[in-house]
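S.K.: predicted model and sequence below, questions to follow.
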Amino acid sequence: MDPVPGDPAGAPSTGAPAGGHGPDLGALLRQSARGDSAAFATLYDATAARVHGLALRVVRDRAQAEEVTQEVFLEVWRQASRYDAARGSALAWLMTITHRKAVDRVRSAEAASRRDATWEQRNQGVEHDTTAEAAHASLEAHRVRAALGQLTDVQREAIELAYFGGYTHTEVATLLDLPVGTAKTRIRDGLIRLRDTIGVGR
């Protein structure tokens, strides 16, 4: 997979912090927002594997995951100026975009599947009324979305990576540049808050 804008082959790496522990993703995003394709290429090289990995976990199809990865980096190139370091790490911002794009792809595929099944559903006898079941499922999904909105940004990032992205606590800690204990605490606190919020609505 190649970075979306331009052909930055041979471009020098930019944005590396003094500590030498890898590129400063936040700095690379800021440089990309100014149209620096070399910085974008470095950002891509540093994060593409993780973006593709999360996309693959969600869509469960390698070709679809590659398409999602390209969509993510196209949006990052176009929207890099919207990254706000005060709201979370650059990697978490990228993972949030990736998760949204991957979920959108899954929903689109599910919608197509439902359209394909429409004729059969309309031409077969319904053994039971599914309206109540559909309404219940929709209500539950609404409760979960509303509950997620009540979490702090850091709790929501950790919950989405762990339960929507399928990452382990250790992987979440690595993705968010946190100690494992801190990642576990954010996930635990987020789950407790989700439980309490959803419980109130029942």
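M.R.: Happy to help now that I have it.

S.K.: tell me the helix or strand right after the lowest-mean-pLDDT helix or strand in the chain.
M.R.: None of the helices or strands of the chain scores lower by mean pLDDT, DSSP states H and E than helix 131-148, at a mean of 59. Sequence-wise, the next helix or strand downstream of helix 131-148 (DSSP states H and E) is helix 153-159.

S.K.: what does that following helix contact?
M.R.: Helix 153-159 is contacted from outside by 87-88, 92, 95-96, 148, 151, 172, 176, 183, 186-187, 189-191, 193-194, using C-beta atoms under 8 Å, 6 or more residues apart in numbering. Quick note: C-beta positions are derived from backbone N, CA and C, even for glycine.

S.K.: how's this structure carved up into domains?
M.R.: Here the domain parsing of the chain from automatic domain parsing is 1-120, 134-202.

S.K.: can you put the ones you listed in a markdown table and add mean neighbour count?
M.R.: Shown next, in a markdown table, are the domains of the chain (neighbours: other C-beta atoms under 10 Å):
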| stretch | mean neighbour count |
| --- | --- |
| domain 1-120 | 17 |
| domain 134-202 | 16 |
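
S.K.: return the residues in contact with Lys101.
M.R.: Going by C-beta under 8 Å, 6+ apart, Lys101 touches 55, 68, 71-72, 75.

S.K.: residues in contact with the residue nearest the centre of the chain?
M.R.: The centre of the chain sits closest to His99, judged by C-alpha atoms, centre = their mean, with a distance of 2.1 Å. Shown in contact with His99 (C-beta under 8 Å, 6+ apart): 54, 58, 160-161, 164-165.

S.K.: from these, which single one is nearest Ala80?
M.R.: Among the contacts of His99, Leu54 lies closest to Ala80 (C-beta to C-beta), at 18.8 Å.

S.K.: for Arg30, state which of the contacts of Lys101 is nearest.
M.R.: For the contacts of Lys101, the closest approach to Arg30 (C-beta to C-beta) belongs to Glu75, at 16.3 Å.

S.K.: my read: the closest one touches Ile97, true?
M.R.: Yes: between Glu75 and Ile97 a contact is recorded at 5.9 Å, counting by C-beta atoms under 8 Å.

S.K.: residue ranges with poor pLDDT in this structure?
M.R.: 1-21, 112-113, 116-145, 199-202 (pLDDT under 70).

S.K.: hmm, try it at 50
M.R.: The chain contains residues with pLDDT under 50 at 6-20, 125-128, 136, 201-202.

S.K.: could you pull up the residues touching Leu175?
M.R.: Counting by C-beta under 8 Å, 6+ apart, Leu175 touches 50, 91-92, 95, 161, 167.

S.K.: inside helices: which ones of those residues?
M.R.: Judged by DSSP state H, the contacts of Leu175 include 50, 91-92, 95 as members of helices.

S.K.: what is the most widely separated pair among these?
M.R.: Between all members of the ones in helices among the contacts of Leu175, the farthest pair (by C-beta to C-beta) comes out as Arg50 and Ala92, at 11.1 Å.
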